[in-house]
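In: got a predicted structure plus its sequence, pasted below:
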Amino acid sequence: MAGLIAPHGGALQHLLTDEAEVRELRSACKDLPSWDLTAGQLCDVEQILTGAYSPLDGFLGKEDYTSVLESGHLAENGVAWSWPVVLDVGTDFADELKAGSRIALRDAEGSPVAILDVSDIWQADRDRETQTLFEEPQHCAALAWSAQRNPIYVGGQLTGIELPPRFDYPEHRRPPAEVRALFERVGWTRVLAYQSSDFLLRPDHHVVSESCREQEINLLLQLELNVALPPTAVDIAKIESFRCAHHHFLHQRAELNIVPSVATLPGSRALLHRLCVQKNYGCSHFLIVGNEDGVDEQFIAHAHEAYGVQIRQAKPVLWDSSSRRYVETSTPVKHALEARLLDGDALPDWLVWPELVPELRNAYPAKDRQGFTILFTGLSGAGKSTVARTVMAKLMALGGGRQVTLLDGDVVRKHLSSELGWSRAHRDLNNLRIGFVASEITKHRGIAICAPISPYLQTRLQMREMVEAHGGFIEVHVATPLEVCEARDRKGLYAKARAGLLKEFTGISDPYEIPESPELRLDTSELTPEAAAQAVLLKLEHLGYLRP
């Protein structure tokens, strides 16, 4: 009788050392150059150490890297491999390295995760890489992936010290060897992998369940969970959606696991890479729901021949209210789950199990229950602080249970950024500190009102990204003209700047980059503080953050 599918390349790698050697390696790390891993790099290291990327025992060297791009195979042994798993580093760090060097790889907190024995160092060819790896090199995800990578690649073998800790749902965070042992213990030989980074709702459950029934096969539900940031309420709700779906499968048919991820990349190469990981977890079949770019009969045949895994395709389903059943459709299905939740709409039973609704409501509260940040940006003397204080008073008078915090530019400078100067780098750092504090306030469903000058477009965009991960971001450009701000000059700063006594002063010797599309523009030379504040409240009501 056939057993479980073999790991890719024939053997499952396990690169973590025993406790005695770990102590020696930790001690050795003190004298080695250190590289702080990005979230994506840490994810790759974890997958290599646990065997999810078998047969790799480290980051690809230049010969393997080139072979993977050109032929989709490793150079040394000819094993099919679709994705260039390399360590990308900065030029200055690479200048300190040579073949034979050892590097201590550390997580974001500085703890050593592994040691890399360097075999190769080479310059990345980013254009060639993206053209080869992606059917659509201009796809936003492909561009983002490429832009975030450092210019120098390093290959070499890894020796594991310690996996990054995962504190939530440890019972579902099992490495390939543990999952395989479970399958063998319960007698599974044919296993279908369903992998997703999204919610698993009732229509998805129907499709997966029918696929398992038709193929008479067991199931591994694999949730890809982004490890770039600490878990959010949305992440917890996704996990609970998988747990809920798992509960509704037939007893002893399905298992649930969580795999670390950073981003789900598009294209057939990235899909083959995910398929290979599932093979190393013990899955002989891989389920695709709907149409994937590059997936046709030729691709499916290649996947089976090169990787030994069979791809099964299934059509998505819609709910037919007249027949009260799911029906297949050939077009992509959008259930607008997030929009329904943010609008406070009821969730139909055909879409969500009733026991999952509280988790979803917690993850996506209606807008009038969300936290949000208001960023007032503009020149010194534009009226930002005055309008911000007036808005704060009005919001506090409304009640509603959300706490309101004012992060005024001058006050933050005194208590949070007193050591910073006025260079562009220091201004950016000050604003990003404000953005971080505001994002924490927003995450806990409070209201943050920020009133720094915040002169630079890119920095304001970074602030927006930090906050919008947890709630609303409303940018208010206080567009009071320079001549009005300078005429006010309560602090005498413009006079000092004109006299050359203040360097890098916004509007005089340093630019203010005007917001391109803020949620609101105000000119306090034409509006009283009361009128300006009322305009802000009306905008908040229009956006749904305040009840009419």
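Out: It's in. Predicted model, so just to flag it, every value in this text is computed and none were measured. Numbers count the residues shown, from 1 in each chain.

In: how about residue 486: what's its closest non-neighbour residue?
Out: Using Cβ to Cβ, 6 or more residues apart in numbering and skipping residues adjacent in sequence, the residue nearest residue 486 is residue 494, 4.4 Å away. In short, each C-beta sits where N, CA and C put it, glycine included.

In: following the longest strand along the chain, which helix or strand shows up next?
Out: Longest strand in the chain, counting residues (DSSP state E): strand 112-123. Next helix or strand after strand 112-123 toward the C-terminus (DSSP states H and E): helix 126-133.

In: how about that following helix: buried residues?
Out: Applying a neighbour-count criterion of 16 or more other Cβ atoms under 10 Å, the buried positions in helix 126-133 are 129, 130, 133.

In: let me know the closest of the residues you listed to residue 468.
Out: Each of the buried residues of helix 126-133 was scored against residue 468 by Cβ to Cβ, and residue 130 proved nearest at 26.8 Å.

In: the longest strand of the chain pairs with which strands?
Out: strand 102-106 (antiparallel), strand 152-160 (antiparallel) (DSSP bridges).

In: the stretch 201-350 of the chain: strands as residue ranges?
Out: Taking DSSP state E, counting those that start in this stretch as the criterion, the stretch 201-350 of the chain contains strands spanning 218-226, 254-261, 285-289, 310-314, 317-320, 325-328.

In: to residue 146, which of those lies closest?
Out: Closest to residue 146 of the strands of the stretch 201-350 of the chain is strand 254-261 (Cβ to Cβ; 17.9 Å).

In: the closest one - contacts with which helices or strands?
Out: Contacts defined by 3 or more Cβ pairs under 8 Å, 6 or more residues apart in numbering; DSSP states H and E place strand 254-261 against helix 39-50, helix 176-186, strand 218-226, helix 233-247.

In: can you state the direction angle for it and strand 218-226?
Out: 30 degrees (axes from the mean of the first three to the mean of the last three Cα atoms, to 10 degrees).

In: which residues are contacting strand 254-261?
Out: For strand 254-261, contacts defined as Cβ atoms under 8 Å, 6 or more residues apart in numbering pick out 43, 46-47, 52, 166, 169, 172-174, 179, 182-183, 195, 197, 212, 218-227, 239, 242-243, 246, 277, 281.

In: try it again with 6 Å
Out: Here strand 254-261 makes contact (Cβ atoms under 6 Å, 6 or more residues apart in numbering) with 43, 46, 172-174, 219-227, 242, 246.

In: of the residues you listed, closest to residue 543?
Out: In terms of Cβ to Cβ, no member of the contacts of strand 254-261 lies closer to residue 543 than residue 226, at 26.5 Å.

In: ok, the closest one to residue 43 distance?
Out: 9 Å (Cβ to Cβ, to the nearest Å).

In: who's more crowded, these two?
Out: residue 43 (21 against 18; other Cβ atoms under 10 Å).

In: identify the residue nearest the more buried one in space, chain neighbours excluded?
Out: Once flanking residues are discounted, residue 43 sits nearest to residue 260: 4.9 Å by Cβ to Cβ, 6+ apart.

In: give the contact list for residue 545.
Out: By Cβ under 6 Å, 6+ apart, the neighbours of residue 545 are 367, 372, 472.

In: does it count as helix, strand or coil?
Out: Look at residue 545: counting by DSSP: H, G, I helix; E, B strand; the rest coil, its state is coil.

In: report pLDDT for the residue nearest to residue 486.
Out: Residue 494 is assigned 90 on the pLDDT scale.

In: then the one 4 residues further on?
Out: Residue 498 carries a pLDDT value of 89.

In: the nearest residue to it once chain neighbours are set aside: neighbour count?
Out: Nearest non-adjacent residue to residue 498, counting by Cβ to Cβ, 6+ apart: residue 508, 6.6 Å away. Using other Cβ under 10 Å, the number of residues around residue 508 comes to 20.

In: so residue 508 touches residue 497, yeah?
Out: Yes. Between residue 508 and residue 497 there is a contact under Cβ atoms under 6 Å: 4.2 Å.

In: which SS state does residue 412 fall under?
Out: Recorded secondary structure, residue 412: helix (three-state DSSP).

In: now it: closest residue in space, sequence neighbours ignored.
Out: residue 434 (5.7 Å).

In: rewinding a little: for the residue nearest to residue 486, give its distance to residue 45.
Out: In this view, residue 494 and residue 45 are 52 Å apart by Cβ to Cβ.

In: okay, those two: which has more neighbours?
Out: The neighbour comparison of residue 494 against residue 45 (other Cβ under 10 Å) goes to residue 45, with 26 against 22.

In: for the stretch 351-500 of the chain, what are the low-confidence residue spans?
Out: Low-confidence regions of the stretch 351-500 of the chain, defined here as pLDDT under 70, do not occur.

In: if we can go back for a sec, now do the SS call for the residue nearest to residue 498.
Out: Classified using three-state DSSP, residue 508 is coil.

In: break the chain into its domains for me.
Out: 19-160, 170-363, 367-543 (automatic domain parsing).

In: just for the protein, where's the confidence low?
Out: In the chain, residues with pLDDT under 70: 1, 251-252, 293.

In: check which helix or strand covers the closest residue to residue 456 other than its chain neighbours.
Out: Of all residues not flanking residue 456 in the chain, residue 513 sits nearest, at 5.5 Å (Cβ to Cβ, 6+ apart). According to DSSP H and E, residue 513 maps onto no helix or strand at all.
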